[in-house]
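Engineer: no sequence for this one, just the structure:
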């Protein structure tokens with residue numbers, strides 16, 4: 001599901017980040033621990049290339065602990081990068097961020113050379129909650145809808161430690177199909193940019209294999225190994241009051257239940273992707289997008305050649321140069 005959701009304020013955020021970066025020592029990217037690959041912004045990675053990076057897998061308390069460890073190791077293997085898991089509302093782990101940033105910028109510190117950190121992330125990843133935990137007060141607005149924070153904030157976390165907060169930002173075109181579904185399921189994309197039933201079906205497809213027992217326990221379902229995702233969603237709807245007249249299932253209602261339960265952590269500790277899966281999806285998505293761009297370029301070149309071609313000569317009736325019938 002290629003998604004394009006890049007409101008005007010996100011373009012302003014991109015410009016603000018670009019202007020701030022020259023003076024930044026470390027970039028924190030807050031990720032959703034349930035979708036650590038899909039919630040990593042490739043546009044931000046391109047903009048911040050060469051800067052020390054700290055990947056923070058937020059919401060680890062509702063993510064699969066084993067897979068969180070795999071993702072932390074995956075990011076730590078990248079040059080100039082550290083990673084850790086975090087529950088943004090827990091005070092002690094949140095303070096680890098300052099120590100981790102100091103390790104990434106060992107030549108900075110003290111009043112003369114304060115550590116300057118930029119914190120970024122997709123919308124609705126919990127960044128405002130984390131910041132409020134760090135500063136011990138409601139410095140940032142929080143909510144369950146993307147786009148709550150609209151302006152950059154400068155926060156002083158220590159006498160020589162400055163944190164610059166930015167609004168949530170996606171990237172103009174999400175070409176990895178599974179990432180589009182996972183971001184929509186997590187609440188990182190505005191509701192008007194996707195179909196909820198389509199997202200719920202993709203969500204169940206991602207979950208049913210590894211976490212079938214969670215769905216059975218939550219919805220009191222029978223074994224569903226041999227039924228389709230559509231049938232599974234319909235069963236879920238029946239269990240949660242999604243019936244219409246005549247016993248038909250309200251699939252929209254069922255989709256809303258599935259998505260909301262996932263977001264609330266009602267399924268237990270769930271992670272939608274492994275590093276290996278995401279690497280494969282990303283390669284496939286990039287290949288499809290490259291093919292799309294190649295076709296587009298070919299079409300434009302063909303149109304250009306047609307525009308440059310000389311017009312056919314018009315012949316008057318009786319013109320001796322006209323082709324004979």
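Structural biologist: Done, it's in. Bear in mind that the values here come from a model prediction, so they are computed numbers and not experimental data. Numbering: from 1, shown residues only.
Engineer: Three-state assignment for residue 28, please.
Structural biologist: Using DSSP: H, G, I helix; E, B strand; the rest coil, the structure places residue 28 in strand.
Engineer: so it touches residue 119, yeah?
Structural biologist: Yes - the criterion here is Cβ atoms under 8 Å, and residue 28 meets it with residue 119 at 4.3 Å. The C-beta positions use only the backbone N, C-alpha and C, and glycine is treated the same way.
Engineer: Check the offset of the helix or strand where residue 17 lies from the chain's centre.
Structural biologist: Using DSSP states H and E, residue 17 sits within helix 8-20. Mean-position distance between helix 8-20 and its chain equals 17 Å (Cα atoms, centre = their mean, to the nearest Å).
Engineer: now do stretch 266-275
Structural biologist: Relative to its chain's centre, stretch 266-275 lies at 15 Å (Cα atoms, centre = their mean).
Engineer: Same question for stretch 107-125.
Structural biologist: 22 Å.
Engineer: got the buried residues for it?
Structural biologist: 108, 114-125 (16 or more other Cβ atoms under 10 Å).
Engineer: average pLDDT across it?
Structural biologist: For stretch 107-125, mean pLDDT rounds to 93.
Engineer: Tell me the span between the first and last residue of that stretch.
Structural biologist: Taking Cα to Cα, to the nearest Å, the first and last residues of stretch 107-125 lie 30 Å apart.
Engineer: From start to finish, how long is stretch 24-37 in a straight line?
Structural biologist: Stretch 24-37: ends 24 Å apart by Cα to Cα.
Engineer: how about the helices of the stretch 151-300 of the chain, start to end?
Structural biologist: Taking DSSP state H, counting those that start in this stretch, the helices of the stretch 151-300 of the chain run over residues 177-186, 196-207, 212-219, 229-239, 251-264, 275-308.
Engineer: most packed of those?
Structural biologist: Comparing the helices of the stretch 151-300 of the chain by mean neighbour count (mean count of other Cβ atoms under 10 Å), helix 177-186 ranks first with a mean of 25.
Engineer: Next, report how far that helix is displaced from the centre of its chain.
Structural biologist: With Cα atoms, centre = their mean, you get 7 Å for helix 177-186.
Engineer: Same question for stretch 157-166.
Structural biologist: With Cα atoms, centre = their mean, you get 25 Å for stretch 157-166.
Engineer: same thing with stretch 214-226?
Structural biologist: Relative to its parent chain, stretch 214-226 has a centroid offset of 28 Å by Cα atoms, centre = their mean.
Engineer: which residues touch the most centrally placed residue in the chain?
Structural biologist: For the chain, residue 39 is the residue whose C-alpha lies nearest the centre (Cα atoms, centre = their mean; 3.1 Å). Counting by Cβ atoms under 8 Å, 6 or more residues apart in numbering, residue 39 touches 31, 32, 121, 122, 125, 182, 183, 186, 188.
Engineer: Pick out the most distant pair among those.
Structural biologist: Farthest apart among the contacts of residue 39 by Cβ to Cβ are 121 and 182. That separation is 14.9 Å.
Engineer: For residue 100, what is the enclosing helix or strand?
Structural biologist: Secondary structure (DSSP H and E) places residue 100 in helix 91-104.
Engineer: Now tell me what touches whichever helix or strand comes after that helix from outside.
Structural biologist: Going down the chain from helix 91-104, the next helix or strand is strand 115-121, by DSSP H and E. In this structure, residues lying in contact with strand 115-121 by Cβ under 8 Å, 6+ apart are 17, 20-21, 23-31, 39, 41, 44, 48, 58, 101-102, 105, 108-109, 127, 130-131, 160-166, 168-169.
Engineer: That'll do, ta.
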